[in-house]
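Chemist: give me the fold of what follows.
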Amino acid sequence: MNIYLRLYYEFFKTGLFAVGGGMATLPFLHDIGQTTGWYTQAQLMNMLAVSESTPGPIGINMATYVGYTVGGIPGALIATIGEVTPSIIVILIVAMMLKKFRDSKYVNDAFYGLRPASTGLIGAACVSVILEVLTGIQVVTPEAGILNSFALPGGWGSLVSWRGLALAAVLLVLTNGVKKVKDWHPIVFIGLSAVVGVAFGFAGV
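Modeler: As a prediction, this is how the structure comes out:
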C-alpha cells in the first residue's frame, strides 16, 4: 500500500474509534508503531511530549507529527486529514439528527455506554506512558489476540528509572506543595523538564 494511503487509513481508523479525546488515541498510535515500524515506543513518548507542549488538540498534533516523521509535509497533511475526517462526518450527521433525537433514550444510553470505553482507552494510555517513562518495561502488542504482553529488554536492572522517578517526584512537590511555585503556568514546568532532560540525557533512560 502506498505510504500516504496507509497514513490516511491508519489515522482514519484512529479518528473513528478513539472515543474520549486526544489521550485515547495513544493505544491506537502504539499499535500503529508496532504494526508498521514507523516509530518506537520511546519515539512515541517524545511525540507525546512535543504534542502536549504545542497548541491544539493532542490527537491532531500527534497525527501531524507522525505524518511528518513518516512522509514529510505531504504525510503530515494526509495524516491530519485522515484523523479529522471521521469527526467531521460524525458531527455533520449528528447536527442533522440532533434536533430529532435529542431526547431519545437510546441515544442517551449509547453515549452512556461509551463512557467506560473512553475511560479504558485513556487508562491504557496512562499505563503505557508511566511504564515507558518511569520503568524499563515495554508494552508489546501481539500479532494475534487482543491482550498485550510486557517485556523488560534491559533486564531487572532496568526495571526502575530512578532519574525519571526523581524528576516526577520533584515536579509533584513543586506543583502541589510549594506555594510560590504551584501557581506557575504549566508551560514553565514543561520547559524546565525539557531543559533537565537535555542536561541529564533522559532520552537514554
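Chemist: centre-most residue in this structure?
Modeler: In the chain, the C-alpha closest to the average C-alpha coordinate belongs to L26, at a distance of 3.2 Å (Cα atoms, centre = their mean).
Chemist: A strand includes that residue, no?
Modeler: No. The assignment for L26, made by DSSP: H, G, I helix; E, B strand; the rest coil, is helix rather than a strand.
Chemist: distance of V173 from S53?
Modeler: Separation of V173 from S53 (Cβ to Cβ, to the nearest Å) stands at 21 Å. Every C-beta, even on glycine, is put in place using the N, C-alpha and C of the backbone.
Chemist: one more: V70?
Modeler: V70 sits 21 Å away from S53, going by Cβ to Cβ.
Chemist: follow-up on the earlier one: for the residue lying closest to the residue nearest to the centre of the chain once chain neighbours are set aside, helix, strand, or coil?
Modeler: Closest residue in space to L26, ignoring its immediate chain neighbours: A125 at 3.5 Å, by Cβ to Cβ, 6 or more residues apart in numbering. Classification of A125 using three-state DSSP returns helix.
Chemist: before we move on, what about D109?
Modeler: Three-state call for D109 (three-state DSSP): helix.
Chemist: neighbours around it, how many?
Modeler: Each residue near D109 was counted by other Cβ atoms under 10 Å, and the total is 10.
Chemist: which ones are touching A124?
Modeler: Contact analysis of A124 by Cβ atoms under 8 Å, 6 or more residues apart in numbering lists L26, P27.
Chemist: thinking again about what came up before, the more surrounded of V70 and S53?
Modeler: Taking other Cβ under 10 Å, V70 and S53 do not tie; V70 has more neighbours (20 against 14).
Chemist: what about the more buried one, helix or strand, and which?
Modeler: helix 58-101 (DSSP states H and E).
Chemist: need phi/psi at L152.
Modeler: Here is the backbone geometry of L152 (degrees, to the nearest 10): phi -130, psi 80.
Chemist: dump the residue contacts of it.
Modeler: Neighbouring residues of L152 by Cβ under 8 Å, 6+ apart: G136, I137, Q138, S158, L159.
Chemist: just F12 next, same as before
Modeler: F12 neighbours (Cβ under 8 Å, 6+ apart): G82, E83, T85, P86.
Chemist: next, the buried residues of the helix or strand it falls within.
Modeler: Element membership of F12, judged by DSSP H and E, is helix 3-17. Residues Y4, R6, L7, Y8, E10, F11, F12, K13, T14, G15, L16 are the ones in helix 3-17 that count as buried (16 or more other Cβ atoms under 10 Å).
Chemist: what does stretch 188-201 give?
Modeler: Those would be F189, S193, G197, for stretch 188-201 by 16+ other Cβ under 10 Å.
Chemist: mind splitting this protein into its structural domains?
Modeler: In terms of domains, the chain is parsed into 3-159, 161-205 (source: automatic domain parsing).
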